[in-house]
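Peer 1: Prediction below, plus the sequence it came from.
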Amino acid sequence: MIESKVYEFSLQGEDFWAAYAAVAIAIYLMLSIGRMGMFRKAGEKRWKAWVPVLNRYTEYKISWSGAAFWVYLVLSAAAGILSYHGSAITSFLYSEYALMGAGLAATVIQIIDDVKVSKSFGHGGGFAILLILFPEICKLTLALGNSEYVGREGKKADGQ
């Protein structure tokens, strides 16, 4: 008779949070290293890639508009606040609609920015889709590859 052993892998308690922290740190490192290279190519200071809110603002600034970042930030914050305190603020039905609207609007703004980042580094729609789906890998590709910063939204600063 053949005995089989089944090994169960389960992350619980402290193991789960340790694994979660390791993955979060790895993603943050990948994004920061990618942004550091993007900022270098765009003429921005590389240290900005390591400061949590400033890195996203700088990315919006080099690809689209700093004002779009503030709209994105307010919508994201509103979605977060409503998801946590929604039913206490207004009636449940209206808070859910506001949450969905704010979250959807913030997501659309982020997608538009990803398309503009792609154009700003001379890439097209295919790379933009990859940037939306796999931002960590694509930003590393922009930083370490032969992509050149061609200006906001792909428009050269000298008018060419």
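Peer 2: Looks like it arrived, so ask away. Numbers count the residues shown, from 1 in each chain.

Peer 1: Which secondary structure elements does the helix or strand encompassing residue 101 sit against?
Peer 2: Assigned by DSSP states H and E, residue 101 belongs to helix 92-120. Packed against helix 92-120, as judged by 3 or more CB pairs under 8 Å, 6 or more residues apart in numbering; DSSP states H and E, are the following elements: helix 52-63, helix 66-89, helix 125-133. The way it works is simple: take the backbone N, C-alpha and C, and place the C-beta from them, glycine included.

Peer 1: So residue 123, which state does it fall into?
Peer 2: Assigned by DSSP: H, G, I helix; E, B strand; the rest coil, the conformation of residue 123 is coil.

Peer 1: for it, phi and psi?
Peer 2: For residue 123, the backbone dihedrals (degrees, to the nearest 10) come out as phi -110, psi 170.

Peer 1: What of residue 149?
Peer 2: Listed backbone geometry of residue 149 is phi -80, psi 120, with angles given as degrees, to the nearest 10.

Peer 1: how far away is it from residue 60?
Peer 2: Residue 149 sits 14 Å away from residue 60, taking CB to CB, to the nearest Å as the criterion.

Peer 1: Name the residues of the one helix or strand in the chain whose mean pLDDT sits lowest that are buried.
Peer 2: Ranked by mean pLDDT, DSSP states H and E, the weakest helix or strand in the chain is helix 66-89, scoring a mean of 78. Within helix 66-89, the residues that count as buried by 16 or more other CB atoms under 10 Å are 68-69, 72-73, 75-76, 78-79, 82, 86.

Peer 1: Now do it: everything it contacts.
Peer 2: Judged by CB atoms under 8 Å, 6 or more residues apart in numbering, the contacts made with helix 66-89 from elsewhere in the structure are 53, 56-57, 60-61, 92, 95-96, 98-99, 102-103, 105-106, 109-110, 112-113.
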